[in-house]
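Enquirer: A predicted structure for the sequence below; I have some questions about it.
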Amino acid sequence: METGSHTDNWGTQTNTNWDLIEAAVTGYKAINVAGNSNVSISVADGVADEQRYKILEFTGALTGNISVWLVSAAKEYIVRNSTSGAFTLTLTCSAGSGIALTQGQNMHIWVDGTTVRPGTTKFETMTVSVLTATS
């Protein structure tokens, strides 16, 4: 913002900007993708939107195979498929290839602007019984 602009609104606008940054770094969003139609997650500038969140959980009863279209920009996500129904949920964007996310699966992914790629192999659970410090 320019000096002197947004009189009496500077604090509100700054707080909104910090909230948007927080959502991108650590935020969680559940998105209902029920049905059998492909879903594009929302994208907007300067306001809350679905693509901004770091962690996305897809919910709802699938009645057919669907694709969830992510934003065509470089971004990483942690995603979870919490849908029901015996159908496939594929994460994709632009003209690139996508990744099928099986029900109950958590995955770290990244988008290079056209293709959704696995950031790590899938992870289900991790148990740590003892951590020992080394010098």
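Expert: Cool, got the structure. This one's a predicted model, so the numbers in the text were calculated from it and none came from an experiment.
Enquirer: which residues of this protein fall in strands?
Expert: Assigned by DSSP state E, the strands in the chain fall at 28-32, 39-40, 55-61, 66-69, 74-84, 89-92, 99-101, 106-112, 116-118.
Enquirer: For the chain, give me the ranges with low pLDDT.
Expert: Low-confidence segments of the chain, defined by pLDDT under 70: 1, 3-4, 6-10, 120-135.
Enquirer: so who does the most centrally placed residue in the chain touch?
Expert: Note on the chain: the residue nearest the mean C-alpha position is Leu56, at 3.8 Å, using Cα atoms, centre = their mean. For Leu56, the contact set (Cβ atoms under 8 Å, 6 or more residues apart in numbering) comprises 28-29, 31, 41, 50, 77-80. Every residue, glycine included, has its C-beta placed from N, CA and C.
Enquirer: Would you reformat the residues you listed as JSON lines and include distance to Asn65 and neighbour count?
Expert: Below are the contacts of Leu56 laid out as JSON lines (distance: Cβ to Cβ, whole Å; neighbours: other Cβ atoms under 10 Å):
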{"residue": "Tyr28", "distance to Asn65": "25", "neighbour count": "12"}
{"residue": "Lys29", "distance to Asn65": "22", "neighbour count": "18"}
{"residue": "Ile31", "distance to Asn65": "17", "neighbour count": "16"}
{"residue": "Ile41", "distance to Asn65": "18", "neighbour count": "21"}
{"residue": "Glu50", "distance to Asn65": "21", "neighbour count": "19"}
{"residue": "Tyr77", "distance to Asn65": "21", "neighbour count": "20"}
{"residue": "Ile78", "distance to Asn65": "23", "neighbour count": "17"}
{"residue": "Val79", "distance to Asn65": "17", "neighbour count": "21"}
{"residue": "Arg80", "distance to Asn65": "18", "neighbour count": "18"}
